[in-house]
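In: build the 3D model from these lines:
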Amino acid sequence: EFCAGGSLFDVLYNSSVKLEDRQAVKILSDVAAGMNFLHSQRPVILHRDLKSSNILLMKPVRCGTQVPVAKVADFGLARLCGESDDASMTIGVGTWRWMAPEVFQGSDSHTYDKQADVYSYGMTMYELGALKVPFADKYPEDLNDP
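Out: Reported below is the predicted structural model:
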């Protein structure tokens, strides 16, 4: 499905448009619905790289009165995860600034699951509210446990 509005990342950082709170809430609601759909499938679909550049807007946002429609995109890292699967697929996959700590740290005792996608959604919420990339002032090595 073609999304003429580009990515949420581009709207946040490469556009003169400032999203109104109600627009941000609508975008987050659309993304939550999309992730709920993925996580409700059998087998479960794990996105594994949810972030603002993987959220597309159906139409360009040119003003604060437009109601955006957002779609979750880029399923290049997505995997199917049956409930009986061990889901210990490639640990550390995704974009580190939006990545759940247990995935980032590559712990053998953790598997990639729906909760890791939910963490990425939370980082996207932060980004939309703060208008800055999560951990923008950090490097990956800064986030490792001492």
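In: dead centre of this protein: give me the residue that sits there.
Out: Leu50 (2.3 Å; Cα atoms, centre = their mean).
In: can you pull the pLDDT of that residue?
Out: Note for Leu50: predicted pLDDT of 91.
In: quick one: contacts for it?
Out: Leu50 makes contact with Val31, Met35, Val72, Trp98, Asp117, Ser120, Tyr121, Thr124, according to Cβ atoms under 8 Å, 6 or more residues apart in numbering. In this view, the C-beta of every residue, glycine as well, is placed from N, C-alpha and C.
In: tell me the SS of the closest residue to it other than its chain neighbours?
Out: Nearest non-adjacent residue to Leu50, counting by Cβ to Cβ, 6 or more residues apart in numbering: Ser120, 3.9 Å away. Secondary structure for Ser120, judged by DSSP: H, G, I helix; E, B strand; the rest coil, is helix.
In: pretty sure Ser120 is touching Pro101, no?
Out: No - using Cβ atoms under 8 Å, Ser120 makes no contact with Pro101, being 11.5 Å away.
In: these two - which one has more neighbours?
Out: Ser120 (25 against 13; other Cβ atoms under 10 Å).
In: for the lowest-mean-pLDDT helix or strand in the chain, which helices and strands make contact with it?
Out: Across the helices and strands of the chain, mean confidence by mean pLDDT, DSSP states H and E is lowest for helix 101-104: a mean of 73. In terms of contacts (3 or more Cβ pairs under 8 Å, 6 or more residues apart in numbering; DSSP states H and E), helix 101-104 is packed against helix 114-130.
In: need the contact partners of the helix it packs on.
Out: Against helix 114-130 from outside (Cβ under 8 Å, 6+ apart): 8, 12, 19, 24, 27-28, 31-32, 35, 38-39, 44, 46-52, 55, 94, 97-103, 133-134.
In: how about a cut-off of 6 Å?
Out: If you take Cβ atoms under 6 Å, 6 or more residues apart in numbering as the criterion, helix 114-130 is touched by Ala24, Leu28, His39, Leu46, His47, Leu50, Ser52, Trp98, Ala100, Val103, Pro134.
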